[in-house]
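Novice: show me how the following folds:
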Amino acid sequence: MKAIVFGGSGFLGSHVADELSNNNFEVIIADIKESLYISKKQIFKYVDILDLNSVIQAVAGCDIVYNFAGLADINIAISEPLKTVKLNILGNTNILEACRLSNIKRYIYASSAYVFSQKGSFYGISKQASEKMIEEYNEQFNLEYTIIRYGSVYGPRADKQNRIYCLIKEALESNTITYKGTGNEVREYIHVKDAAKLSVEILNESYKNEHIILTGIEKHTYKELLNIIKEIINDDIVITYSNENYKGHYEFSPYSLYHPKVGKKIVNNPYIDFGQGLLEIMIDIQNKG
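Specialist: Here you go, the predicted model:
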């Protein structure tokens, strides 16, 4: 079986590519930058998801297609709505069209818990629209899919688009953390390796044409998160809360009156402990220098 991972050079995509390789898939990483984590078992292809022809060529001959490409930072999405629409909606549709033409067996789309919310600004809207496009491709062309709604993913290989990574990096480099909100905001965290494992397990037939929720079972307020980071670094940091309304982000729950299709939540058991996961990020940052 051959799988292609769009956005496979990134944080979550690279871990899923590795998990696919571990499960004996032939893996193609399709991205606009070569992966720092590519293994000898994997092939890299330069592909711009806005270039339909190159997407079609990349997908040809594949059985499974994953899409982790696009814009994932809500703050950037708020300031650049046109870029968000192009990458997240048009880019997704280009990949869907390539899947249709190549008769692939399953399309796996990286959505977000923000599809449940009236928050998330243009990012959330782009994910809602992309889910509807996928459902319509299934309705019109029988394109089989699995949509994965990810929560707050954390772990090694993260970058500045990842909230926990940024907080830990600031703590390690300046002995301070400046948090824009009140600290009472709640998130459910899932380690990237747990998310990657489950992202491959959903290729099981029972998850065909389903919406899956991967938010983990580690629920913490940001205040708890920052205090855990502080304690791991031997209390040698100063935490400042600006008590701002953190524009575009939900506070306690992503759920609102918007009703997308119901999703099934699955979790890893056993799973990676939150404290160990945070320590792993710190080691990763230090190793990168």
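
Novice: make sure Val200 is indeed in a strand.
Specialist: No - the assignment for Val200 is helix, going by DSSP: H, G, I helix; E, B strand; the rest coil, so no strand is present there.

Novice: from Gln128, how far out is it?
Specialist: 25 Å (CB to CB, to the nearest Å). For the C-beta atoms, the positions are set from N, CA and C on the backbone; glycine is no exception.

Novice: how close does the most far-flung residue of the chain relative to its centre sit to Asn175?
Specialist: Residue farthest from the centre of the chain, counting by CA atoms, centre = their mean, is Asp236 at 31.2 Å. Taking CB to CB as the measure, Asp236 falls 6 Å from Asn175.

Novice: phi, psi of Ile177?
Specialist: Main-chain torsions, Ile177, degrees, to the nearest 10: phi -140, psi 120.

Novice: cool, and the one 3 residues further on?
Specialist: According to degrees, to the nearest 10, the main-chain angles of Lys180 amount to phi -70, psi -30.

Novice: what's the pLDDT at it?
Specialist: In this prediction, Lys180 carries a pLDDT score of 83.

Novice: thought it was touching Tyr222?
Specialist: No - contact criterion CB atoms under 8 Å: Lys180 and Tyr222 do not qualify, at 9.7 Å.

Novice: settle it for me: which of these two has more neighbours?
Specialist: Tyr222 (24 against 17; other CB atoms under 10 Å).

Novice: surely the more buried one and Glu185 touch.
Specialist: Yes - judged on CB under 8 Å, Tyr222 makes contact with Glu185 at a distance of 4.9 Å.

Novice: mind listing the helices for the stretch 51-200 of the chain?
Specialist: Along the stretch 51-200 of the chain, the segments classed as helices by DSSP state H, counting those that start in this stretch run 52-59, 74-79, 81-84, 91-102, 121-141, 163-174, 192-201.

Novice: contacts for the first one, please.
Specialist: Which is helix 52-59. With contact meaning CB atoms under 8 Å, 6 or more residues apart in numbering, helix 52-59 is reached by 4, 28, 30, 45, 47-49, 65, 94-95, 97-99, 101-102, 104.

Novice: same check on the third one?
Specialist: Contacts of helix 81-84 with the rest of the structure, by CB under 8 Å, 6+ apart, involve 71, 76-77, 122-123, 126.

Novice: out of those, which is most surrounded?
Specialist: Using other CB under 10 Å as the neighbour criterion, Ser126 leads the contacts of helix 81-84 with 28 neighbours.
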